[in-house]
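>>> Pasting a predicted model and its sequence here:
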Amino acid sequence: MEHIRVSYGSHTVLKDFSLTVEPGEIVGIVGPSGCGKTTAIRALCGFLNPEMGEITVNGRTVFSKKERVNVPPENRKIGIVFQDYAVWPHMSVYDNVAYPLKKRKVPKAEIAKRVSYALEQSHMTGYENYMPSQLSGGQQQRVAIARALTSSDDIIVMDEPITNLDAKLREEMLVEIRLMQSRLNTTIIYITHDQEAAMQLCDRIVIMQKDGSICQIGTDEDMIKNPANRFVFSFIGVSNFIPVVEKSGSWCLDIGEGIPYSGVRPKGILPGVKNVMGIRPMDIIFDDESPVRGTIEQSVFLGSLFNYFVRVGDQELRVQRSTLDSLDGREYAEGQEVGLRFLNEKYYNAEEERV
Ligand SMILES: Nc1ncnc2c1ncn2[C@@H]1O[C@H](COP(=O)(O)OP(=O)(O)OP(=O)(O)O)[C@@H](O)[C@H]1O
């Protein structure tokens with residue numbers, strides 16, 4: 001997609017949206033509600049006409065404002081699993097899956113072959129004559145995926161396909177989508193506001209912000225290690241933000257009375273603006289020698305890690321410690337005073353947008 005612009009009336013949702021997805025890739029598009037994820041996907045699939053830009057699918061131009069090309073949705077060869085485009089309750093599984101092919105007037109014998117293939121790929125062989133009401137939520141989603149596969153096993157677009165499922169089923173569906181993708185080498189574009197699902201499933205993640213622009217594209221590791229801005233930092237994973245300020249040559253946490261934490265200018269401080277430190281819970285270390293003192297208000301054991309809520313000045317910080325680290329014999333209990341040291345902290349303009 002290149003230079004796509006879409007407005008609803010006077011409200012321009014996508015101003016200049018460009019995104020390239022490589023064949024065989026699973027790309028997740030995440031971003032806050034209303035930022036334009038569905039709009040971008042509707043433009044890709046042909047359900048709305050951008051005012052500007054070009055869309056190419058497998059080397060074929062399917063939309064170009066300039067060249068006046070606009071291929072209808074059913075001929076774009078994109079499989080779609082939309083939340084509001086789930087299975088049709090009045091049609092059998094077979095008819096649901098066959099629908100996109102019937103619409104394209106594909107011969108009956110060919111339809112039978114492709115439906116059987118799609119049901120096999122989504123593990124629904126044998127359910128051809130079932131009605132959706134006789135299926136579980138997970139099975140209905142599989143039928144929706146099978147139907148997408150009959151449209152295309154090259155590109156499938158999924159818009160929040162699993163939000164209605166319970167946690168266990170959701171996990172299983174993510175694994176299945178991944179397995180199906182590696183069997184068929186399908187390109188998948190997966191839209192969600194569940195960044196954890198996106199990180200679990202996708203090769204690359206595209207993060208959109210409220211104004212409809214893309215603020216970062218990369219792997220989950222890129223997002224966590226090198227977040228492009230404060231918004232990405234706060235959107236992906238758990239984060240603490242602590243205002244900081246320089247006071248007579250020493251850097252202080254600007255909470256309560258000001259708590260000095262560094263005698264030298266920390267790396268990454270932005271000049272000329274009010275800074276805020278972004279720090280992950282895993283990057284806050286308990287250190288008896290540190291001048292930053294806090295009190296553990298709550299300690300929660302989560303199996304692979306301990307989660308602590310530590311009061312420092314007038315702020316509560318989230319600190320995590322892996323269970324393996326706790327094998328050093330030190331125990332940290334509620335009510336205990338601790339010293340805290342910061343590793344890998346990032347600095348952002350305090351005025352910058354966050355989630
Ligand atoms: N048909 C429409 N007419 C007018 N405004 C619309 C229409 N569809 C979407 N919008 C507006 O466009 C913006 C983007 O909507 P869109 O559905 O693309 O967001 P989204 O990122 O997919 O959100 P969500 O995660 O909540 O589904 C929103 O402000 C929405 O209110």
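Yep, it's here. Numbers count the residues shown, from 1 in each chain.
>>> In contact with the residue in the stretch 51-200 of the chain that the ligand sits nearest to: list those residues for me.
Closest to the ligand within the stretch 51-200 of the chain is residue 193: 4.9 Å, counting by CB to the nearest ligand atom. Any C-beta I mention is one placed from the backbone N, CA and C, and that applies to glycine too. Taking CB atoms under 8 Å, 6 or more residues apart in numbering as the criterion, residue 193 is in contact with 30, 31, 32, 33, 37, 160.
>>> likewise residue 40?
1, 4, 6, 14, 17, 19, 29, 208.
>>> do residue 89 as well
131, 132, 133 are the contacts of residue 89 under CB under 8 Å, 6+ apart.
>>> Could you report the neighbour count for the spatially closest residue to the first one that is not a sequence neighbour?
The shortest distance from residue 131 to any residue that is not its chain neighbour, by CB to CB, 6 or more residues apart in numbering, is 6.0 Å, and that residue is residue 92. Residues lying near residue 92 (other CB atoms under 10 Å) number 18.
>>> Look up phi and psi at residue 92.
Residue 92 has phi and psi values of phi -70, psi 170 when expressed as degrees, to the nearest 10.
>>> Tell me if I'm right that it and residue 129 touch.
Yes. Assessed by CB atoms under 8 Å, residue 92 is found in contact with residue 129 at 5.5 Å.
>>> pretty sure residue 82 contacts residue 151?
No. Because the distance of 11.9 Å does not satisfy CB under 8 Å, residue 82 is recorded as not touching residue 151.
>>> Which one of these two is surrounded by more residues?
residue 151 (26 against 19).
>>> okay but that one is in contact with residue 78, surely?
Yes. Judged on CB under 8 Å, residue 151 makes contact with residue 78 at a distance of 6.6 Å.
>>> Any buried residues in stretch 67-74, and which?
71, 73 (16 or more other CB atoms under 10 Å).
>>> For it, measure first residue to last.
Length of stretch 67-74, first residue to last, CA to CA, to the nearest Å: 20 Å.
>>> if we can go back for a sec, tell me which residues touch the residue nearest to residue 131, please.
128, 129, 130, 131.
>>> if we go to 10 Å?
Residue 92 sits next to 98, 127, 128, 129, 130, 131, 132, 134, 143 when contact means CB atoms under 10 Å, 6 or more residues apart in numbering.
>>> quick one: which two of those residues are the most distant?
Greatest spacing in the contacts of residue 92, by CB to CB: 98 and 134 (17.9 Å).
>>> Neighbour count for these two, which is higher?
Neighbour count, other CB under 10 Å: between residue 98 and residue 134, residue 98 has more, with 23 against 12.
>>> how much space between that one and residue 126?
Separation of residue 98 from residue 126 (CB to CB, to the nearest Å) stands at 16 Å.
>>> again, but for residue 283
Taking CB to CB, one finds residue 283 at 51 Å from residue 126.
>>> more crowded one of those two?
Per other CB under 10 Å, whichever of residue 283 and residue 126 has more neighbours is residue 283, with 17 against 10.
>>> Surely that one is in contact with residue 240?
Yes. Counting by CB atoms under 10 Å, residue 283 does reach residue 240; the two are 9.1 Å apart.
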